[in-house]
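Engineer: Predicted model and sequence below, questions to follow.
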Amino acid sequence: MKKILGAALFSLLLSGTCFAQSADTTAVTKAVETMRQAMLSAKKADLQKVGAPTLTYGHSSGKIQNNAEFVDAIVTGQSKFVTLDLKDQTIQVDGDVAIVRHILQAKTNDGGKPGEVKIGVMQVWQKNTAGVWKLLARQAYSLPK
């Protein structure tokens, strides 16, 4: 009887852990989608909600921006997304940190110049004390040809 009770308790604890991970994964997925939508809309208030105050935002060109620079570049049209699709996304949650990887494919109109981009992206998200996932770091990279 003790073995059955112990196994049931272990299963319950394990399912609770899996549920928490699943809930966090879902929350991070939503946070990434909120960021994608904000980048498309270029609404300053929406973009300001995405990043942590200490955000470091790396581009595949090597350019690095802080949170204010990231927001400003999109709001002013220096970085303008006409379309923005994220493919092959993976999310790994470890406590209050999540690592997101995906392929970013977009049509752009940066500074009024049409273009297309297909890059790899790694993001680091952190759950703040209010339980909200914020983008802490982002690094884009060129994909192998």
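Structural biologist: Received it, and whenever you're ready, just let me know what you need.

Engineer: Grab the nearest non-local neighbour of the residue nearest the centre of the chain.
Structural biologist: The centroid of the chain falls nearest to V32 when counting by Cα atoms, centre = their mean (4.0 Å). Leaving out its chain neighbours, the residue that sits closest to V32 by Cβ to Cβ, 6 or more residues apart in numbering is V100, at 5.8 Å. In short, each C-beta sits where N, CA and C put it, glycine included.

Engineer: name the element the one you found belongs to?
Structural biologist: strand 97-110 (DSSP states H and E).

Engineer: avg pLDDT for the strand or helix carrying the residue nearest to the centre of the chain?
Structural biologist: Using DSSP H and E, V32 sits within helix 2-41. Averaged across helix 2-41, pLDDT comes to 73.

Engineer: Confirm for me that the residue nearest to the centre of the chain is in contact with A98.
Structural biologist: No - counting by Cβ atoms under 8 Å, V32 does not reach A98; the two are 9.2 Å apart.

Engineer: Residues that sit against both of the two, list them.
Structural biologist: When contacts are counted by Cβ atoms under 8 Å, 6 or more residues apart in numbering, V32 and A98 are jointly contacted by 91, 125.

Engineer: which stretches of the protein aren't confidently modelled?
Structural biologist: Applying pLDDT under 70 to the chain flags residues 1-21.

Engineer: Could you rerun that using 90?
Structural biologist: Within the chain, the ranges that satisfy pLDDT under 90 run 1-21, 111, 145.

Engineer: what sits up against the strand holding V100?
Structural biologist: Contacts for strand 97-110 (Cβ under 8 Å, 6+ apart): 24-25, 28, 32, 77-92, 114-127, 133, 136, 140, 143.
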